[in-house]
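Student: sequence and predicted model, in that order:
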2 protein chains.
Amino acid sequence: MNNFTYTLEHSDGEARAGQFSTPHGTIQTPVFMPVGTQATVKTLDPLEVEAIGSQIILSNTYHLYLRPSADLVAEMGGLHRFMQWPKPILTDSGGFQVFSLGPHSKIDEDGVTFKSHIDGSKHRFTPESAIGIQEKLGADIIMAFDECAPQPTTHAYTKAAMERTHRWLLRCIAAKTRADQALFGIVQGGVEADLRRESASFIAQQDVPGIGIGGLSVGEPKEQMYGMLEETTPLLPRNKPRYLMGVGSPEDLLEGVARGVDMFDCVLPTRLGRNGALFIPEGRLNIGNAKYAREDAPIDATCDCSTCQRFSRAYLRHLFRTEEVLGLRLATLHNLRFLIRLMEQAREAILQDRYQSFMDDWLSRFQTIPHAVREASRAARLNSLRTQGDKA
Amino acid sequence: MNNFTYTLEHSDGEARAGQFSTPHGTIQTPVFMPVGTQATVKTLDPLEVEAIGSQIILSNTYHLYLRPSADLVAEMGGLHRFMQWPKPILTDSGGFQVFSLGPHSKIDEDGVTFKSHIDGSKHRFTPESAIGIQEKLGADIIMAFDECAPQPTTHAYTKAAMERTHRWLLRCIAAKTRADQALFGIVQGGVEADLRRESASFIAQQDVPGIGIGGLSVGEPKEQMYGMLEETTPLLPRNKPRYLMGVGSPEDLLEGVARGVDMFDCVLPTRLGRNGALFIPEGRLNIGNAKYAREDAPIDATCDCSTCQRFSRAYLRHLFRTEEVLGLRLATLHNLRFLIRLMEQAREAILQDRYQSFMDDWLSRFQTIPHAVREASRAARLNSLRTQGDKA
C-alpha cells in the first residue's frame, strides 16, 4: 500500500486539503473527477481533459466489461494506454450499474446475475469477479463491489444490504492481488443515521487506503444527504481520502467539502453540457435561449477555459441550434473546467483558513435550481435504468 | 485586386505549384480545403483544423444564410471572428445548394426562388443577393452565383444554363463592392466538350482573380470528368488559380492536379470519417470490421496525424462501436490530414519535376473502390437533396 499515501496538508473546520499519491501521479484534494464511462470522457480528447486540469478520471467497469471487455483492455496494455490517459484512473465496481438494471438483475449472497442492456445476454458479477475485472482494466483506484439499496426502502432492507456490502468488502480484500491498485471500501446505510454510523465504523476498521461513501444523491432531499455525511465523515480515519460517489452539482461539492469529503465524480457537468446547460457563477445558462443569439460575450467572463477564451455565446448557440458536435465539445469542456476550478479555489481557501467564507460567498451568488438540478442529477444517475454511466 | 496575387512557382507538365495571397494569408497550392458547412468543420475545433495543416476552409452560404443569417455573422464581426478561424475562408454562392432542392427551387432569368429545407419558408437568391450575402459573411474568396445543370440533361439545356451562368457572372462582378474579397467566376458546360471550351474561354476573359470549375463529379464517369478538365484548363489563364469544386477522393485530387487544378474541396473525407471509413495508403479501412478489434497498430503507420500518433485501431473501433463522439473526431482528423498531406507531397513532387512518377507510384498502391467511392462522393453531394453541405 506504499504506493497510496494520503497526506492531510491542512484542515479548516471539517474541510480538508490533502494529497493522495498513486502510481500515475499525485492527486491534490479536494478534487472533482470527470467521468469517462466507455474509456472516453464524452466528446473530449484526453489532451483536452488534461488541459482543463483534470487530475484523475473515472471509468465504468460494467460498460467496459461489456464493451470492449476487460480481456481486450488488458491485452491492449490496460486502460491508461488503451485510452491514452497518462494520469490516475478510478474504476467503479459495476455494482451500482447492475443494481440499476432493476428487474434485469437478481441478487444472492454470492453475487448478482444480470442481463446486458446491449443484447440481453446473461452475466454474473461477484465480489471476486468485480475485482478480477478491475485488475484487468488496471485503474489506480478500484472500488469494492457493494449493494446500493434502492430508495425509498425499509430500515431492515437497508441494514441487510449494508451488512452484505460489508461481507463483500472482506471478499474483495481477499480477492485482490495487484499491489499497484488501491481498493476503496464503501460506506452504505441509505438515509438511516444509525446504519451510516455502523457502516462508517466498520469500513474505518478495514485495511483499505481510501473510503467511498455510496448510496447518496439518489433522490433524497439535499439536506438529508448533508445530514448523512455529518454522521459518516467524523467516524472515518483522518489519514485516508473520502470519496462521495456520484455527486456533482456545484453546491453539493462545496457542501461535501465542508463536511470532510475529498473526492467527487458525476456525469452531471458533461451531461448538462451536452444539453446546452452551462455553469456560470450566477447559476446556469441555457444556451438555446433566443436571448443569446447576438451576444458577443463568452459564456462566463471569469472562466479561463478554452471555450470562454475564444467563443461567443452567439456562436455556441448557433452550434447547438444546428446540432454541431463542436457545441457539445465546447460546452462539456467549460462545465468540467468550472467544477475543477471550483475545487482548485476551494483547496486554496482551505489552505488559507477561509473555506467557510469562500463557500458562503460563492453560494450567495450561485442561484441553485434545487428541483431542476436535483432532477437533472437524478436523471443523470437513475433515469434510464439501462444506461448508467455517462450516456447521451 | 492587389490583395489577390497568384504566383506560379513551377510547372511539371500541366501540374502547377503556386501561391495565392489573400488578406488572411498566402495559400500554397495545390491545396485541399476542408468544408465547414455551418461555420464549423464538423466535429473539429478550429485549432485542430489548423494543426493538421489546413490553409483555407470552405463554408456554405446557403446554410449560413438560413442559420444564423448573414446579418448575424456580420454583426459578430464576420465569419473569421465568429468561428475563430484566422486563416483564409472561401464561401460558395449557395447556387449548388438551392438547385439541389429540386422541386423546392424555381429558376428564372433573374434568380432562384426556393424553400428552406429547415422550415419550408420561401427565399430568393439572385446574383446580386448572393454577392451581398457573401460580403456580409466576409470570406476571402467568394464565388459567383451559377447554375449547375442537373445531369443527365440535353446539350441544349446545358448550353442555356451555361449562358445564364455567364450573364450572372457579369451581374456578380457589377454587384461586388468589397476590395478585400476575391470573386471567382465558374466554368460550367456539363459533360459537353464544346460547351466546356466555350465557357472556359468566356470566364478566362473576365477580370476575376480566380476560376472555379463547376458541374463535375456529379455522377458522370471519372474518365469523363478527367476529359472535361482536359478541355478546360488549357484555355484558362496561367496567372490565376483553378478550383475544381466538390471533388475530394484521393485519386481525383491527383488526377486533377495532373490536369492543372490548384484547389479542391469536398465533404468526402469528413463524411467518410464519420462513417468509420479511413484513408490508408492502400485504399480505405472500415474501422467497424471485427478484424481490427485487437489491433494495436495505428490506422496508418505512415501518417503524422494526432490520431495515428496516439491511438490504436482497437481503440478507434471501440469508439465507433460504442458511438462515442471522440471516434468521429479522430477519424475526421485523420482523413483530412491524409488529403492535406497528399497535396503537400504533390506540391513537393511538382517542385522537384517528378509529379507523374509520384502520382503513378501513389496510385499503384492505392486501391480505389471506383463504384463505392463514386457512390459515397455522389451521396455526399446529392443523396439528400435537403442537406447539401457537410451534414451527418
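Tutor: Arrived safely. A quick note: this is a predicted structure, and the numbers were derived from the prediction, not measured.

Student: can you give me the helices in the stretch 1-150 of chain A?
Tutor: Along the stretch 1-150 of chain A, the segments classed as helices by DSSP state H, counting those that start in this stretch run A:46-51, A:61-66, A:70-75, A:79-83, A:95-100, A:127-137.

Student: with mean neighbour count added, can I get the ones you listed in TSV?
Tutor: For every residue, glycine as well, the C-beta is placed using N, CA and C. As requested, those are exported to TSV (neighbours: other CB atoms under 10 Å in any protein chain shown):
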stretch	mean neighbour count
helix A:46-51	17
helix A:61-66	26
helix A:70-75	18
helix A:79-83	22
helix A:95-100	25
helix A:127-137	23
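
Student: least confident of these, on average?
Tutor: Set side by side, these give their lowest mean pLDDT on helix A:95-100, at a mean of 91.

Student: what are the buried residues along stretch A:146-162?
Tutor: A:D146, A:E147, A:C148, A:A149, A:P150, A:T158, A:K159, A:A161, A:M162 (16 or more other CB atoms under 10 Å in any protein chain shown).

Student: show me which of those is closest to chain B.
Tutor: A:C148 (24.2 Å; CB to the nearest CB).

Student: name all residues that make contact with that closest one.
Tutor: A:G95, A:F96, A:F99, A:A161, A:Q188, A:G214, A:G215, A:V218 (CB atoms under 8 Å, 6 or more residues apart in numbering or on different chains).

Student: now distance to chain B too, for these, in CSV please.
Tutor: Formatted as CSV, the contacts of A:C148 follow (distance: CB to the nearest CB, whole Å):
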residue, distance to chain B
A:G95, 21
A:F96, 19
A:F99, 22
A:A161, 31
A:Q188, 30
A:G214, 26
A:G215, 28
A:V218, 25
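
Student: nearest to B:C303, of those residues?
Tutor: Set against B:C303, the nearest of those by CB to CB is A:F96 (39.9 Å).

Student: quick check, the closest one in contact with A:G246.
Tutor: Yes: A:F96 is within contact range of A:G246, at 7.4 Å (criterion: CB atoms under 8 Å).

Student: where do the contact lists of these two overlap?
Tutor: A:G214.

Student: where does chain A have its least confident helix or strand?
Tutor: helix A:370-378 (a mean of 53; mean pLDDT, DSSP states H and E).

Student: tell me the helix or strand right after the longest helix anywhere in chain A.
Tutor: Scanning chain A for the longest helix, with DSSP state H as the assignment, gives helix A:325-351. Later in the chain than helix A:325-351, the nearest helix or strand by DSSP states H and E is helix A:355-365.

Student: neighbours of the residue in the stretch 101-250 of chain A that chain B sits nearest to, how many?
Tutor: Nearest residue of the stretch 101-250 of chain A to chain B (CB to the nearest CB) works out as A:I118 at 9.4 Å. Residues near A:I118, counting by other CB atoms under 10 Å in any protein chain shown, number 11.

Student: columns distance to A:L333 on top of the helices of the stretch 1-150 of chain A, output as a markdown table?
Tutor: Shown next, in a markdown table, are the helices of the stretch 1-150 of chain A (distance: least, CB to CB, whole Å):
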| stretch | distance to A:L333 |
| --- | --- |
| helix A:46-51 | 6 |
| helix A:61-66 | 22 |
| helix A:70-75 | 26 |
| helix A:79-83 | 17 |
| helix A:95-100 | 26 |
| helix A:127-137 | 25 |
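
Student: select, out of those helices, the one closest to B:R178.
Tutor: Nearest of these (CB to CB): helix A:46-51, 36.6 Å.
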